[in-house]
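**Student:** For reference, the sequence and a predicted model appear below.
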Amino acid sequence: MKDGRRYSTVEVCEMFRVSRSTLFRWEREGMLGEVERGIDDDRKYSSENLKLLRNKKFSKQYKSQIVQSDKSKYNINHYKQNITNITQDMSVSKVLIGDITGLVELEDQQEPLKPKHAQHLLRFATNELEPKDEQFCRIIHLIATRFCSNDQGSK
């Protein structure tokens with residue numbers, strides 16, 4: 001990923017599937033650290049802001065999944081699927097902010113890639129990386145072997 005990359009409000013909202021108002025509320029509450037402003041006063045989110053957001057979002061989502069699991073009387077399969085989804089969400093988010101450990105985690109997971117994750121990873125690879133980069137090749141290989149080969153594209 002390019003050093004010093006800054007992300008717009010729209011990009012961050014899309015990346016983490018939150019509304020602008022939620023993102024701005026978390027900023028007011030101090031959960032994202034210091035957010036830079038551009039010349040036109042637009043917010044410019046850094047990788048550090050995204051790391052803090054990832055921790056906030058997924059700790060909240062994890063708690064929500066536990067409550068859901070309690071309501072379904074400890075349906076173990078449902079709980080395992082929720083944990084799998086959250087784990088994959090976290091790993092993809094790490095890749096998108098340039099944390100290579102996310103790619104290693106995705107490579108170690110056995111579950112097929114969700115369509116939304118394949119889309120985010122492909123967009124990241126084509127927009128942020130060069131085709132000659134090892135990380136680019138690993139992402140494309142991951143998509144080819146864990147998404148395309150599982151026939152999820154037709155679902």
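**Tutor:** Now that the structure is in, tell me what you want to look at. Residues are numbered from 1 along each chain as shown.

**Student:** where do the strands sit along the chain?
**Tutor:** 36-37, 43-44 (DSSP state E).

**Student:** strands paired with the last one, and their directions?
**Tutor:** Partner strands for strand 43-44, per DSSP bridges, with pairing direction: strand 36-37 (antiparallel).

**Student:** List the buried residues in stretch 88-105.
**Tutor:** 88-99, 102-103, 105 (16 or more other Cβ atoms under 10 Å). Heads up, the C-betas are built off the backbone N, CA and C, glycines and all.

**Student:** Contact partners for the spatially most central residue of the chain?
**Tutor:** For the chain, the residue nearest the mean C-alpha position is residue 93 (2.4 Å; Cα atoms, centre = their mean). Contacts of residue 93 were listed using Cβ atoms under 8 Å, 6 or more residues apart in numbering, and they are 15, 16, 50, 54, 58, 102.

**Student:** okay if I get the residues you listed as JSON lines plus distance to residue 42 and pLDDT?
**Tutor:** As requested, the contacts of residue 93 are exported to JSON lines (distance: Cβ to Cβ, whole Å; pLDDT from 0 to 100):
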{"residue": "15", "distance to residue 42": "16", "pLDDT": "85"}
{"residue": "16", "distance to residue 42": "18", "pLDDT": "83"}
{"residue": "50", "distance to residue 42": "16", "pLDDT": "86"}
{"residue": "54", "distance to residue 42": "21", "pLDDT": "80"}
{"residue": "58", "distance to residue 42": "26", "pLDDT": "55"}
{"residue": "102", "distance to residue 42": "27", "pLDDT": "89"}
